[in-house]
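[1] model this:
(chains A and B)
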Amino acid sequence: AQSVTQPDIHITVSEGASLELRCNYSYGATPYLFWYVQSPGQGLQLLLKYFSGDTLVQGIKGFEAEFKRSQSSFNLRKPSVHWSDAAEYFCAVGAWMEYGNKLVFGAGTILRVKS
Amino acid sequence: NAGVTQTPKFQVLKTGQSMTLQCAQDMNHEYMSWYRQDPGMGLRLIHYSVGAGITDQGEVPNGYNVSRSTTEDFPLRLLSAAPSQTSVYFCASSRTENNYGYTFGSGTRLTVV
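    Okay, the predicted model is just below:
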């Protein structure tokens, strides 16, 4: 079965510092991978996605992620964090069902930004 | 475009009560789904639909019913609410069942007491 592990429940970084959020997945075939961000009281917003091709993916808000098949990882990075990046981040893998697809989510990582 | 609209935003139910969570989208998306979000567990799929008249179960369907009579609407019914159904519920839609370009609603926070 497909699964996603986000090892860090909480991460605190200083404003201006670099950020890396970890994500490991389990999936038998070539995965479709996603990172979403959720601000308090809001729905989920797609940051970036990987389907195939270049393993370094650029997303919105200055985020990027690198797909490493050998490590089953899809870590999210940002070179310089802003206070507005404080939110919860979810990694997800796309999985097939009988009639369509679904997203299998990790448990999330809460990012706190200190000034 | 309004995108995906969920109502209500907040709801408190007593154990055993029934209610319907509404979800509507105005993007002519064929694919719609319901997820629940619980702390430390991410989001889990409850039910999904690939078009009017076609629905199927997700990972955690027990205690919930859905139907899809129109492209725009995909209501989620709680038949007899239980405290274990206290959660935040998200509706999502995408253009087709093979398209991962989901648009999420802003969620319904449900508390069952």
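
[2] can you list the residues of chain B near chain A?
    Counting by Cβ under 8 Å from any Cβ of the partner chain, chain B comes close to chain A at B:4, B:31, B:33, B:35, B:40-45, B:48, B:50, B:54, B:56, B:58-59, B:90, B:92, B:97-98, B:100-102, B:104-107. C-beta here means a position set from N, CA and C on the backbone, and glycine is covered the same way.

[3] Packing partners of the longest strand along chain B?
    Scanning chain B for the longest strand, with DSSP state E as the assignment, gives strand B:42-51. Under the contact criterion of 3 or more Cβ pairs under 8 Å, 6 or more residues apart in numbering or on different chains; DSSP states H and E, strand B:42-51 touches strand A:87-96, strand A:101-105, strand B:31-38, strand B:54-57, strand B:64-66.

[4] Which parts of the helix or strand immediately after the shortest one in the chain count as buried, going by neighbours?
    As assigned by DSSP states H and E, the chain's next helix or strand after strand B:64-66 is strand B:76-78. Of the residues in strand B:76-78, those scored as buried under the neighbour-count criterion (16 or more other Cβ atoms under 10 Å in any protein chain shown) are B:L76, B:L78.

[5] Can you spell out which helices and strands pack onto strand B:76-78?
    Looks like strand B:76-78 contacts strand B:19-25, strand B:64-66 (3+ Cβ pairs under 8 Å, 6+ apart).

[6] I'd like these laid out as TSV, including mean pLDDT, mean neighbour count and distance to A:N24.
    Listed next are those as TSV, based on pLDDT from 0 to 100; neighbours: other Cβ atoms under 10 Å in any protein chain shown; distance: least, Cβ to Cβ, whole Å:
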stretch	mean pLDDT	mean neighbour count	distance to A:N24
strand B:19-25	97	19	32
strand B:64-66	97	19	30
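
[7] Out of those, which is closest to A:Q2?
    strand B:64-66 (21.6 Å; Cβ to Cβ).

[8] What are the contacting residues of the closest one?
    The contact list for strand B:64-66 (Cβ atoms under 8 Å, 6 or more residues apart in numbering or on different chains) reads B:W34, B:I46, B:H47, B:S49, B:T55, B:F74, B:P75, B:L76, B:R77, B:L78, B:L79.
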